[in-house]
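A.B. asks: need a 3D model of the sequence below.
(chains A, B, C and D)
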2 protein chains.
Amino acid sequence: MNEAEFRDFIQNGYLHYVPHVSIDCAIFGYHDQQLKLLLIRHRFVDGWCLPGGYILRTETLGQAASRIVRERTGVDNLFLQQFKTFGDPDRAQCSKFDEERWFRLTGLRDGSKNWLIDHTISVGFYAITDFSKTVLHTDMVSTETAWFDIDHLPKLEFDHDQMVKEAMHTLRLQLYHYPIGYNLLPAKFTLTEIRALYETLLGKKLDVSNFPKKLIALGLLNKLSEKRSIGAHRSPHLYSFNKTRYNQALKEGIVLS
Amino acid sequence: MNEAEFRDFIQNGYLHYVPHVSIDCAIFGYHDQQLKLLLIRHRFVDGWCLPGGYILRTETLGQAASRIVRERTGVDNLFLQQFKTFGDPDRAQCSKFDEERWFRLTGLRDGSKNWLIDHTISVGFYAITDFSKTVLHTDMVSTETAWFDIDHLPKLEFDHDQMVKEAMHTLRLQLYHYPIGYNLLPAKFTLTEIRALYETLLGKKLDVSNFPKKLIALGLLNKLSEKRSIGAHRSPHLYSFNKTRYNQALKEGIVLS
DNA sequence: TCGTTATTTAGTAAAACTTACAAAATAAAG
DNA sequence: CTTTATTTTGTAAGTTTTACTAAATAACGA
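C.D. replies: Sure thing, here's the model as predicted:
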């Protein structure tokens, strides 16, 4: 989006997008036992917040969320879930609106009458990606886009702290009911690697021996004949996902304890 | 809402309510092993659908949902949960809009330009009440308000069939994680009565002996010294909810199997 | 008054599942 | 060829769930 397109979006965006409703995405990034969260520095409020956007009048909510994540990270087709809608009247703090700042940034007057500066209800989605595979983009709304370690997040603008908390909570609940790992692990991985993934996302230790047994019992994994070399230790077997069972589990759910 | 107020709502409602966003409520009613759903006959589309409404610009989503349920049923302070937000572009079928019908019903022209007739994203809530304690109201939007047996629902307008399905699904999942029964059972009830409540909501039989034991083990129930007379049979003990544990369980969740 | 009957409720054995841990297997380094 | 760290199998103990039995009991009617 260039300068002219951005100005048109500000002035006439409500013709193409649904006004008063936005989407915010908590995009979690995993790689190598590290869990991060994608944040943008918002040009209008000069603080960190979740990436978000508006819904095209022709899109479903899921498609809009998917597009927003794709535009920010370049990643497509990932685990994406709606978790809650936020609509407290004070969530956006429109009272703090600064007409001068708006003019400096947009070159437009009467910002407080703009469709963007009005009561907005936001649908929260969360997603999980492999952050090493992403290519981050900033846009006209943001001056920075960056991954933050989940344990060292800055204070976020609006009600986004609450959003992250609830996204994390839902993610951890859903980990016990849906399989995860596809797109987050290499095509061939060891039992230790998939256990580390779950441990990092859940934020707790799992039994070295019992946890992988459960995944195997659920039929989610194919044992391969290859092994991985990890130095002066017994070489662990490689596994891949049984894509049939995995997709079935995504649809029908699983029970993991 | 009288005729004049209704016309003002149609013409200027967007000043007080958030446009493009609505709330729809799946209000389940339980009494005596019967499960019903509250439906209204929509004046504008002449079919059955879920009761709904708009969000005042000063309200939270929960407050709006609570108000909508109260206006329909007279009941306050019940189990109310947001479950999902629906935003498919074709969910409202605005293409079917009938200008003539609109004029007959509202006496207004240019209906298709009205704020009510535009892309609307709806936040779904579900609630559970005792239908014998409700006093139903119709309003300017509905010609009828009625309880339907859950197994004999008519085809609903818009995407409300899908909403009911997802509300029911969420309700049944949450039954295992939150206590239920307060406001749905008399202050003093037998173990058979609370089991029947869970059986009806879950749509399946539970073990006569084991299920109540779980509730007791969770500390949710107080055993009273009184008994209930049920004719030529052993008189069952009466129980009441341990309100402290019950409220704690509402906050922190429980694990019921 | 006393069986009969239907229901509540305590009790328990079997089964299933979870958890904790021991020990064997093994790859590579020294 | 011993040492070391890790994977992986196996299993015993502990816990929870499930299925079922039998005792308790309230009222009815013979």
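A.B. asks: show residues contacting stretch A:230-248.
C.D. replies: Identification of contacts with stretch A:230-248 by C-beta atoms under 8 Å, 6 or more residues apart in numbering or on different chains yields A:179, A:181-182, A:187-192, A:194, A:218-224, A:226-229. The way it works is simple: take the backbone N, C-alpha and C, and place the C-beta from them, glycine included.
A.B. asks: so which of those residues also contact DNA strand D?
C.D. replies: Among those, the ones lying close to DNA strand D by the criterion of C-beta under 7 Å from any atom of the strand are A:Thr190, A:Leu191, A:Thr192, A:Lys227.
A.B. asks: neighbours around A:Gly124, how many?
C.D. replies: When counting by other C-beta atoms under 10 Å in any protein chain shown, one arrives at 27 neighbours for A:Gly124.
A.B. asks: isn't it right up against A:Gln81?
C.D. replies: No: look at A:Gly124 against A:Gln81 with C-beta atoms under 8 Å: they stay out of range, at 9.5 Å.
A.B. asks: now do the same for A:Phe149: its pLDDT.
C.D. replies: For the record, residue A:149 is Asp, not Phe. With respect to pLDDT, A:Asp149 has a value of 98.
A.B. asks: actually A:Ser95, not the one I typed
C.D. replies: According to the prediction, A:Ser95 has pLDDT 61.
A.B. asks: where does the stretch 51-200 of chain A get nearest to DNA strand C, residue-wise?
C.D. replies: Of the stretch 51-200 of chain A, the residue with the smallest distance to DNA strand C, taken as C-beta to the nearest atom of the strand, is A:Tyr176 at 10.3 Å.
A.B. asks: if I look at that residue, how far off is A:Ser257?
C.D. replies: From A:Tyr176 over to A:Ser257 the distance is 7 Å, taken as C-beta to C-beta, to the nearest Å.
A.B. asks: cool, A:His169 as well?
C.D. replies: When C-beta to C-beta is the yardstick, A:His169 and A:Ser257 sit 18 Å from each other.
A.B. asks: pLDDT weak spots in chain A?
C.D. replies: Counting by pLDDT under 70, chain A shows low-confidence ranges at A:94-95.
A.B. asks: hey, where'd the strands end up in it?
C.D. replies: In order along the chain, chain A carries the following strands (DSSP state E): A:17-31, A:34-42, A:48-49, A:52-56, A:79-86, A:121-130, A:142-149, A:221-227, A:237-241.
A.B. asks: of all the ones you listed, which lies closest to A:Asp98?
C.D. replies: The closest of these to A:Asp98 is strand A:34-42. By C-beta to C-beta, the value is 13.0 Å.
A.B. asks: mind naming the longest helix for chain A?
C.D. replies: What stands out as the longest helix in chain A, according to DSSP state H, is helix A:160-175.
A.B. asks: what is it packed up against?
C.D. replies: Taking 3 or more C-beta pairs under 8 Å, 6 or more residues apart in numbering or on different chains; DSSP states H and E as the contact definition, the neighbouring helices and strands of helix A:160-175 are strand A:17-31, strand A:79-86, strand A:121-130, helix A:191-202.
A.B. asks: sorry, back to before: which one's more surrounded, A:His169 and A:Ser257?
C.D. replies: Each of A:His169 and A:Ser257 had its neighbours counted (other C-beta under 10 Å), and the higher figure belongs to A:His169 (13 against 6).
A.B. asks: find the nearest non-adjacent residue to A:Phe86, please.
C.D. replies: The shortest distance from A:Phe86 to any residue other than its chain neighbours is 5.0 Å, reached at A:Ser122 (C-beta to C-beta, 6 or more residues apart in numbering or on different chains).
A.B. asks: hang on, the one you found packs against A:Thr85?
C.D. replies: Yes: at 6.9 Å, A:Ser122 counts as touching A:Thr85 under the criterion of C-beta under 8 Å.
A.B. asks: what sits opposite the closest residue to A:Met168 other than its chain neighbours in the beta ladder?
C.D. replies: Nearest non-adjacent residue to A:Met168, counting by C-beta to C-beta, 6+ apart: A:Ala26, 7.5 Å away. As for beta bridges, A:Ala26 partners with A:Tyr126 under DSSP bridges.
A.B. asks: how many neighbours does A:Ala26 have?
C.D. replies: As a burial measure, A:Ala26 scores 25 neighbours (other C-beta under 10 Å).
A.B. asks: taking the stretch 51-200 of chain A, what residue is nearest to DNA strand D?
C.D. replies: Residue nearest to DNA strand D within the stretch 51-200 of chain A: A:Thr192 (3.3 Å; C-beta to the nearest atom of the strand).
A.B. asks: so who does that residue touch?
C.D. replies: Counting by C-beta under 8 Å, 6+ apart, the residues that A:Thr192 touches are A:Val208, A:Pro236.
A.B. asks: go on, A:Ala146?
C.D. replies: Neighbour list for A:Ala146: A:Leu38, A:Leu39, A:Ile40, A:Arg41, A:Leu136 [criterion: C-beta under 8 Å, 6+ apart].
A.B. asks: ok, back up a step: so the residue of the stretch 51-200 of chain A closest to DNA strand C sits against A:Ala249, correct?
C.D. replies: No: counting by C-beta under 8 Å, A:Tyr176 does not reach A:Ala249; the two are 11.8 Å apart.
A.B. asks: near DNA strand C, which residues of the stretch 101-250 of chain A are found?
C.D. replies: If contact is defined as C-beta under 7 Å from any atom of the strand, the residues of the stretch 101-250 of chain A in contact with DNA strand C are A:Asp207, A:Ser209, A:Asn210, A:Lys213, A:Lys214, A:Lys227, A:Ser229, A:Gly231, A:Ala232, A:His233, A:Arg234, A:Ser235.
A.B. asks: change it to 10 Å
C.D. replies: Taking C-beta under 10 Å from any atom of the strand as the criterion, the stretch 101-250 of chain A approaches DNA strand C at residues A:205-211, A:213-214, A:217, A:227-237.
A.B. asks: select only the buried ones of these in PyMOL?
C.D. replies: The command below creates a PyMOL selection of those among those that count as buried (16 or more other C-beta atoms under 10 Å in any protein chain shown):
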select buried, chain A and resi 211
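A.B. asks: from the residues of the stretch 101-250 of chain A next to DNA strand C, which land in helices?
C.D. replies: Residues from those lying in helices, with DSSP H as the criterion: A:Asn210, A:Phe211, A:Lys213, A:Lys214, A:Ala217.
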